[in-house]
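Enquirer: Sharing a model that was predicted from the sequence below.
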Amino acid sequence: MQPQATHEHRFPPLPATPLTDVPDGAWRHGVANPDLARWVVRIATLTRPDAVVWCDGSEAEWSRLTDEMVEAGSLIRLDPGAHPDSFLARSDPADVARIEDRTFICSQDASDAGPTNNWRAPGGMHAELDGLFAECMRGRTMYVVPYSMGPIGGAISRLGVQITDSPYAAVSLSVMTRVGDHALAEIGPDTPWVAGVHSVGMPLRDHRGRRIEDVAWPSNPTKYVCHFPEESSIWSFGSGYGGNALLPKKCFALRIASTIARDEGWLAEHMLLIKLTAPDGRAFHLAASFPSACGKTNLAMLQPTLPGWRVETIGDDIAWLRPGPDGTLRAINPEAGFFGVAPGTSVESNPVAMDTMRRHTIFTNVALTDDGEVWWEGKTAEPPAHLIDWQGYHWTPDSGTPAAHPNARFTAPIEQCRTLAEDWHAADGVPVDAIVFGGRRTTNVPLVVQAESWAHGVFIGATVASETTAAQEGAVGRLRRDPFGMLPFVGYDMADYWQHWLDVGAALGDRAPAVFQVNWFRRGEDGTFLWPGFGENARVLAWIAGRISGDTAVTDSAIGGLPEGAGLDLDGLDIAPSALAELFDVDPEAWLRECDETETFFDEFGDRVPQVLRTELDHLRSRLHAAAQSATDGSPLSEVAA
Ligand code: OXD
Ligand code: MN
């Protein structure tokens, strides 16, 4: 593991409270990192829980905590035949998604957060958080959860500790990360680690000591998710949901890790990771970036329709990519579980995910059947005649409301995934052969296009736009720019992040992976999808593999390389030639309008936008003008663009 500046003094000294006043269990003998030992005591002293429990991530701990939550009414045990060892949680209706408007980057310098992040000065934010966290765990247990992101001791792995007063978060962390004493033991006196403090913000005793009745899903109307990049710390208050509460995921593995990666020359990305094997046994590793809820989990668990091709899963949401000692880019999935969107998942759309979540799974905000099973929109074509919906109300198909919340989730261990690649265990990561950018685009973006260079690839990544889904708060179906699928996740200035991508490419030189853009979501004039998607997406992956190995060719277009002739294997696929033409149509006028929008978008970042990206935009425009001209002249696009 790379040494980093020591964090010995990153937290304020302990308050002058005598050690006898420290909540029971906070002080743990044998913790090798003195900063960590002091920090736990400091947080316990600030938040005043009734008890402190250090989590070990064991099965016994899972059983104890889930039993306690069932007893307390915050989990419902599902039918053990259908879903052994699995549970349903229903959140507060006001706590159902990531809260981007309450998410802050608290860098010393406001300009380091950039225009896409909310910023607060660290001093003021700490003062406010100290006020909110003061005695906020009264009557509750404080869990201390040490974890590793990535294989313990791996070259790309990192360590963290989350403090939380939510047993739901504690058990979810034991699924999503590698929790336990083995992770704690890795945190030596000088080992960097990321500190996460989380509270649902609902103490069970008031300041006079009177009991407050607990609820199934405690939370607080005041919510904050704050990142302190210079301290490698995260403070989250008031929400128990997903990325707001499971701090290793978006907060650490993306926002904080992106700042560490910037300083150390690697990449922390919102990417799935797969191993693709061709019929002749050649294997390729692909890292693919998509905005939230664009089907990353489906792609990560793809069942190819193309005979002989195999996709194996390494990760479905986050990848850390780091130049290895041999000069190639290597990647790990830092997580150990899935926190996947349930609605839309079915035996048809993702049979692997359905199997993965059959047991030892926590479902959140799905509907409950009369048999103690789970249901969500899209799980079966016909909904059951009666359900209890995600808010606990009786539901019938006539209710007129969704039975499951559109952002309902399943939390399941990656080891339960039957397509898990052996490489998932590779401590030093897998070599990345291709980087793929995707988004949800009804128009313009073709099924697949290859970037002409790393810089062009970075331009494509920087200009990704996608139609919003239920994973983000706000209106669904809006087109929003989501560079690299990282809009809510880059922990520093977005334009600096683009420059960082250019720098990493320069360091990789000719070992840099090839870059592609895909779009499964393009629709025809009549509004229907032009591409069948799901298992058929393997045809696109196979074409990408062909490009890497030099087996397939491209036709140049104004926006990059498109599959040439029969290069894209369509054998056995029932697709009309007109749909195919529409899928790959590059309309220069529409693209020129998109270029204008890109320029306006770039202008938001002022002179921090790398000149290379402005040059790419100029280049694209001039090729589109030439293509528009040639279309008027009647000559074929490919000839002009070449
Ligand atoms: C997620 C997201 O939960 O991107 O993975 O919102
Ligand atoms: Mn995600």
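Expert: That came in fine, so what should we check first? Ligands and ions are numbered 1, 2, ... in the order given.

Enquirer: Let me know the pLDDT of the residue lying closest to Thr328 once chain neighbours are set aside.
Expert: The shortest distance from Thr328 to any non-neighbouring residue, by Cβ to Cβ, 6 or more residues apart in numbering, is to Pro431 (4.7 Å). (Glycine included, C-beta is placed from N, CA and C.) Looking at Pro431, its pLDDT stands at 98.

Enquirer: Can you name the residues bridging to Pro431?
Expert: Going by DSSP bridges, Pro431 is paired in beta bridges with Arg330.

Enquirer: surely it meets Leu329?
Expert: Yes - with contact defined as Cβ atoms under 8 Å, Pro431 reaches Leu329; the gap is 7.1 Å.

Enquirer: Looking at the two, which is more packed in?
Expert: Leu329 (25 against 18; other Cβ atoms under 10 Å).

Enquirer: residues contacting that one?
Expert: Leu321, Arg322, Pro323, Pro431, Val432, Val504, Leu508, Arg511, Ala512, Pro513 (Cβ atoms under 8 Å, 6 or more residues apart in numbering).

Enquirer: Try it again at 6 Å.
Expert: Leu321, Pro323, Val432, Leu508, Pro513 (Cβ atoms under 6 Å, 6 or more residues apart in numbering).

Enquirer: Find out how far stretch 569-589 is from the centre of the chain, if you would.
Expert: Centre-to-centre, stretch 569-589 and its host chain are 31 Å apart (Cα atoms, centre = their mean, to the nearest Å).

Enquirer: Quick check: end-to-end length of it?
Expert: End-to-end span of stretch 569-589 (Cα to Cα, to the nearest Å): 30 Å.

Enquirer: do stretch 498-517 as well
Expert: Start-to-end, stretch 498-517 (Cα to Cα) is 17 Å.

Enquirer: farthest pair in the contacts of Leu329?
Expert: For these, the farthest-apart pair by Cβ to Cβ is Pro323 and Pro513; their separation is 11.2 Å.

Enquirer: For my notes, confirm Leu368 occurs in a strand.
Expert: Yes - counting by DSSP: H, G, I helix; E, B strand; the rest coil, Leu368 falls inside a strand.

Enquirer: Cross-check the contact I'm expecting between it and Ile388.
Expert: Yes - between Leu368 and Ile388 there is a contact under Cβ atoms under 6 Å: 4.4 Å.

Enquirer: Which one of the two is surrounded by more residues?
Expert: Ranked by neighbour count (other Cβ under 10 Å), Leu368 and Ile388 place Leu368 first, with 24 against 18.

Enquirer: And the pLDDT at that one?
Expert: 98.

Enquirer: Distance of it relative to ligand 2?
Expert: Per Cβ to the ion, to the nearest Å, Leu368 is found 26 Å from ligand 2.

Enquirer: Distance of the residue of the stretch 251-400 of the chain found nearest ligand 1 relative to Arg178?
Expert: Nearest residue of the stretch 251-400 of the chain to ligand 1: Ser292, at 3.1 Å (Cβ to the nearest ligand atom). Distance, Ser292 to Arg178, by Cβ to Cβ, to the nearest Å: 24 Å.

Enquirer: distance between the top helix by length along the chain and the chain's centre?
Expert: Among all segments of the chain classified by DSSP state H, the helix with the greatest residue count is helix 611-633. The chain centre lies 34 Å from the centre of helix 611-633; the measure is Cα atoms, centre = their mean.

Enquirer: so what does that helix touch, helix or strand wise?
Expert: helix 454-462, helix 588-603, helix 637-641 (3 or more Cβ pairs under 6 Å, 6 or more residues apart in numbering; DSSP states H and E).

Enquirer: Let's have those helices in CSV, adding mean neighbour count and distance to ligand 1.
Expert: Shown next, in CSV, are the helices and strands packed on helix 611-633 (neighbours: other Cβ atoms under 10 Å; distance: least, Cβ to the nearest ligand atom, whole Å):
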stretch, mean neighbour count, distance to ligand 1
helix 454-462, 25, 16
helix 588-603, 15, 21
helix 637-641, 17, 35
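
Enquirer: With mean pLDDT and distance to Glu348 added, can I get the ones you listed in JSON lines?
Expert: Listed next are those as JSON lines, based on pLDDT from 0 to 100; distance: least, Cβ to Cβ, whole Å:
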{"stretch": "helix 454-462", "mean pLDDT": "98", "distance to Glu348": "31"}
{"stretch": "helix 588-603", "mean pLDDT": "96", "distance to Glu348": "33"}
{"stretch": "helix 637-641", "mean pLDDT": "38", "distance to Glu348": "37"}
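
Enquirer: okay, those in CSV with distance to ligand 2 next?
Expert: Listed next are the helices and strands packed on helix 611-633 as CSV, based on distance: least, Cβ to the ion, whole Å:
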stretch, distance to ligand 2
helix 454-462, 16
helix 588-603, 22
helix 637-641, 35
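
Enquirer: need the ones you listed in JSON lines with distance to Ile414, can you?
Expert: Formatted as JSON lines, the helices and strands packed on helix 611-633 follow (distance: least, Cβ to Cβ, whole Å):
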{"stretch": "helix 454-462", "distance to Ile414": "26"}
{"stretch": "helix 588-603", "distance to Ile414": "35"}
{"stretch": "helix 637-641", "distance to Ile414": "43"}
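
Enquirer: Which neighbours in the sheet does the longest strand along the chain have, and how are they oriented?
Expert: Secondary structure of the chain per DSSP state E: the longest strand is strand 141-149. Strand pairing for strand 141-149, determined by DSSP bridges: strand 51-54 (parallel), strand 158-164 (antiparallel), strand 178-179 (antiparallel).

Enquirer: Name the residues that touch the shortest one?
Expert: Applying Cβ under 6 Å, 6+ apart, the external contacts of strand 178-179 come out as Cys55, Gly57, Val145, Tyr147, Ser148, Leu173, Ala336.

Enquirer: Quick check: next helix or strand after it?
Expert: helix 181-186 (DSSP states H and E).

Enquirer: Run through who's touching that following helix.
Expert: Residues from elsewhere that reach helix 181-186 (Cβ under 6 Å, 6+ apart): Asp56, Pro146, Tyr147, Ser148, Ile152, Leu159.

Enquirer: So for it, mean pLDDT?
Expert: Averaging pLDDT along helix 181-186 gives 97.

Enquirer: Report the buried residues of it.
Expert: Buried residues in helix 181-186, defined by neighbour count with 16 or more other Cβ atoms under 10 Å: Ala183, Leu184, Glu186.

Enquirer: Stretch 109-118 now?
Expert: By neighbour count on 16+ other Cβ under 10 Å, the buried set for stretch 109-118 is Asp112, Ala113, Gly114, Thr116, Asn117.

Enquirer: mind checking pLDDT for whichever residue of the stretch 1-150 of the chain sits closest to ligand 2?
Expert: Of all residues in the stretch 1-150 of the chain, the one sitting closest to ligand 2 is Arg98 (9.0 Å; Cβ to the ion). On pLDDT, Arg98 comes in at 94.

Enquirer: swap in Asp24?
Expert: 85.

Enquirer: Arg480 too?
Expert: For Arg480, pLDDT reads 89.

Enquirer: how about the strands in the stretch 251-400 of the chain?
Expert: 267-269, 271-277, 283-289, 310-315, 319-323, 329-332, 337-341, 362-364, 367-369, 374-375, 387-388, 394-395 (DSSP state E, counting those that start in this stretch).

Enquirer: now those strands in CSV, with distance to Ser349?
Expert: Shown next, in CSV, are the strands of the stretch 251-400 of the chain (distance: least, Cβ to Cβ, whole Å):
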stretch, distance to Ser349
strand 267-269, 25
strand 271-277, 16
strand 283-289, 17
strand 310-315, 15
strand 319-323, 23
strand 329-332, 26
strand 337-341, 11
strand 362-364, 17
strand 367-369, 18
strand 374-375, 15
strand 387-388, 20
strand 394-395, 22
